[in-house]
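> here is my input; please provide its structure:
(chains A and B)
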Amino acid sequence: MQCEKHFIEPYDFLTEMGFELLEKNQSMDRYMALMDDDILEDMGTNKEMLVAGYEAAHLQLVEEPGVRVNSILIKGGFNKDGEKEAIDILLKPGEIVSIVGPTGSGKSRLLGDIEWLARGDTPTGRWIVINGALPDDAQRYCFEEKLISQLSQNMNFVMDANVEEFIEMHAQSRNIQQIDGVIEAVINQANALAGEPFTRETPLTALSGGQSRALMIVDVAFLCKSPIVLIDEIENAGIDRRKALDLLVKTEKIIMIATHDPVLALMANRRLVIKNGGMHQIIESNEAEKKVLKKLEAMDQEMLTIRNALRNGEMIYSE
Amino acid sequence: MRLITVAGPPSSGKTSVIGKTFEAFGKRSVELAVIKFDCLSTADEQYYEKKGIKTKLGLSGSLCPDHYFVNNIDTCFHWALKEKVDILVTESAGLCNRCSPHIKEILSVCVIDNLSGYHTPKKIGPMLKFADIVVITKGDIVSQAEREVFAFNVKRVNPKAKILHINGITGQGAAELGKLFLEANDYESLDDMKLRFTMPAALCSYCLGETMIGRDYHMGNVKNIKLD
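Numbers count the residues shown, from 1 in each chain, chains lettered A, B, ... in the order given. Model prediction:
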């Protein structure tokens, strides 16, 4: 059971909505009895709506469903020409799968299907099976928008807040307690990924591309409940990408990377090839590919070292 | 016929969302028409026509666009019936955030974008709070956490709404909105229907064209600012 104090007090809820209340610690009913209908109308709301909002805020915090996904099966539908997709793909936590294919080949549609828990009712006719069963309608809305968190290509935040306020807000929306510890952990991890440290007080909009990216990745690993993480490229902007992926794997996420970057694509054990709107082929990475990956990672590391040396004002010497 | 009211702040992506939803119908033959309500001018009808969507434009000029909307909605409904339209979508901009074009029983959609700031859901009135579906756009420009905080703030002010994330450029999410469009209630007329919430009111000397400033010129429904 949750403790009473984690619920929102009616007073806090209403003042947050912009109401000016004289007395604290009254019941919702009491506040409603005191409210003037005309004032509510001026604010574009009414009592019924406010009470519903208050109740929903509770439900949201109390009943945040523990989405425990052990497997996701994508059952093939049809490509853009209406030809049957020849493959199904089963995804499991802690696994990295890369998705490759030219722009416009249908990567977004695939992710859309997963997000919507398609049941043959999207343009591709695919089916999504979770933990071996088809989600029913109730589950569908329960999972809704909680299944996939997306790390898109953008490298900047737009929110007008500092790092601490940002993490706090996100943690609150997830009903996470001991926020202070979370803030500390997120910042430390992000600094380990980016190399250039930032603090609690740094404004989000002042973070460098690498720092923003690092914060976004750690935030997804620690604060998003979604079992699937979709990564749309991780630019080589001074982030240790291997460490970033390890962090996500450690938190038992299913990781899908849509990428054209050889290092990222090869870090996955399997590659899903998308062609003409359809799932075309699954390629398993072999030993030869792993060797190539090692070589590429070494080059990556060299770039990172030189980058840091330059940043610190050092000279670069050839070996 | 199915009527759907789509409202949202200016530049939130209403037109793109409607356009992408129409595209998502694809080969299914759905006759969609859009009536765009605006104040001064718009080029959106060209966008719709290019996509092959039947379009009409209503400009309210110096009138409150919402009052103009409610005075004309049944005429629009009859027009669409005559044209054998399956789904009539009205698009109106919530210019003052107090607008409220949503009608009881009629599927209502509010489009709002991630870039508008995380406090914005709180500031928008009935067009967001009384909508059945809230479409959140421009999610590709912000981070996952910003999307989640924004959606959380939307849920706080409208807990009953279904929230859909739609990318107005790629159309991701639009097929799902299209599915909900097809599930909307089907009606023969708007007789005896009611608005979900009262319209913003005004009936004062300035409504009638007064331009002079000063207490002597105030008449009608006037409200005074409280400064202390």
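
> hey, let's count contacts and neighbours off CA atoms from now on
Will do.

> what is the neighbour count of residue 83?
Just so you know, I chose chain A. Around A:Glu83 there are 10 other residues, counting by other Cα atoms under 10 Å in any protein chain shown.

> chain B is the one I meant
12.

> ok, so what distance separates it from B:Leu32?
10 Å (Cα to Cα, to the nearest Å).

> check A:Glu284 too.
Counting by Cα to Cα, the gap from A:Glu284 to B:Leu32 is 45 Å.

> the more surrounded of these two?
B:Leu32 (20 against 14).

> look up phi and psi at the more buried one.
Note on B:Leu32: backbone dihedrals following degrees, to the nearest 10 are phi -110, psi 140.

> how about the contacts made by the closest residue in space to it that isn't next to it in sequence?
Among residues not flanking B:Leu32 along the chain, B:Ile87 sits closest, at 4.9 Å (Cα to Cα, 6 or more residues apart in numbering or on different chains). Residues near B:Ile87 by Cα atoms under 8 Å, 6 or more residues apart in numbering or on different chains: B:1-4, B:30-33, B:181.

> okay, and the beta partners of B:Ile87?
Note on B:Ile87: beta-bridge partners by DSSP bridges are B:Arg2, B:Leu32.

> sec struct for the nearest residue to B:Leu190 once chain neighbours are set aside, please.
Nearest residue to B:Leu190, sequence neighbours excluded (Cα to Cα, 6+ apart): B:Asp74, at 6.3 Å. State at B:Asp74, reduced to three classes by DSSP: H, G, I helix; E, B strand; the rest coil: helix.

> swap in A:Ser318?
Three-state secondary structure (criterion: three-state DSSP) places A:Ser318 in coil.

> mind pulling up the pLDDT for the residue of chain A found nearest chain B?
Nearest to chain B in chain A, going by Cα to the nearest Cα, is A:Gly44, at a distance of 4.6 Å. Confidence at A:Gly44, expressed as pLDDT, is 78.

> cool, and A:Met17?
Looking at A:Met17, its pLDDT is 77.

> correct me if wrong: it contacts B:Lys122.
Yes - using Cα atoms under 8 Å, A:Met17 is in contact with B:Lys122, at 6.6 Å.

> the stretch 51-200 of chain A: strands as residue ranges?
A:72-75, A:89-91, A:96-100, A:127-130, A:148-151 (DSSP state E, counting those that start in this stretch).

> ok, which of these comes nearest B:Glu146?
B:Glu146 lies closest, by Cα to Cα, to one member of those: strand A:148-151, at 11.2 Å.

> ok, the closest residue to B:Ser100 other than its chain neighbours - contacts?
Among residues not flanking B:Ser100 along the chain, B:Met127 sits closest, at 4.7 Å (Cα to Cα, 6+ apart). Counting by Cα under 8 Å, 6+ apart, B:Met127 makes contact with B:7-8, B:94, B:97-102, B:110.

> got the residues of chain A near chain B?
A:17, A:41, A:43-45, A:49, A:52-54, A:56-57, A:108-109, A:112, A:116, A:122-123, A:149-154, A:156-160, A:169-170, A:173, A:216, A:219-220, A:224 (Cα under 8 Å from any Cα of the partner chain).

> list buried residues within those.
Among the residues of chain A next to chain B, those buried by neighbour count (16 or more other Cα atoms under 10 Å in any protein chain shown) are A:41, A:43-45, A:49, A:53-54, A:56-57, A:108-109, A:112, A:116, A:122-123, A:149-154, A:156-157, A:159, A:169-170, A:173, A:216, A:219-220, A:224.

> shouldn't B:Lys20 be in contact with B:Gly173?
No - contact criterion Cα under 8 Å: B:Lys20 and B:Gly173 do not qualify, at 9.1 Å.

> which of those two has more neighbours?
The residue with more neighbours, out of B:Lys20 and B:Gly173, is B:Gly173; 27 against 23, by other Cα under 10 Å.

> hmm, the more buried one is touching B:Leu164, no?
Yes - here B:Gly173 reaches B:Leu164: they are 7.0 Å apart, a contact under Cα under 8 Å.

> the residue in chain B positioned nearest to chain A: how many residues sit nearby?
Nearest residue of chain B to chain A, counting by Cα to the nearest Cα: B:Gly125, 4.6 Å away. Neighbourhood size, B:Gly125 [other Cα under 10 Å]: 22.

> what about the residue nearest to A:Phe198 when sequence neighbours are not counted, how many residues close to it?
Excluding the flanking residues, the one nearest A:Phe198 by Cα to Cα, 6+ apart is A:Asn191, at 6.9 Å. Neighbour count of A:Asn191, defined by other Cα under 10 Å: 20.

> give the contact list for A:Asn191.
A:197-198, A:211, A:214.

> again, but for A:Leu147
Contacts of A:Leu147 (Cα under 8 Å, 6+ apart): A:115, A:226-228.

> repeat the analysis, applying 10 Å as the threshold.
Taking Cα atoms under 10 Å, 6 or more residues apart in numbering or on different chains as the criterion, A:Leu147 is in contact with A:67-69, A:114-117, A:224-229.

> with B:Gly220 instead?
B:202-207.

> now the end-to-end length of stretch A:96-106.
End to end - Cα to Cα - stretch A:96-106 spans 19 Å.

> again with stretch B:218-226
17 Å.

> ditto for stretch B:88-101
End-to-end distance (Cα to Cα), stretch B:88-101: 14 Å.

> buried sites along it?
Buried residues in stretch B:88-101 (16+ other Cα under 10 Å): B:88-95, B:97-101.
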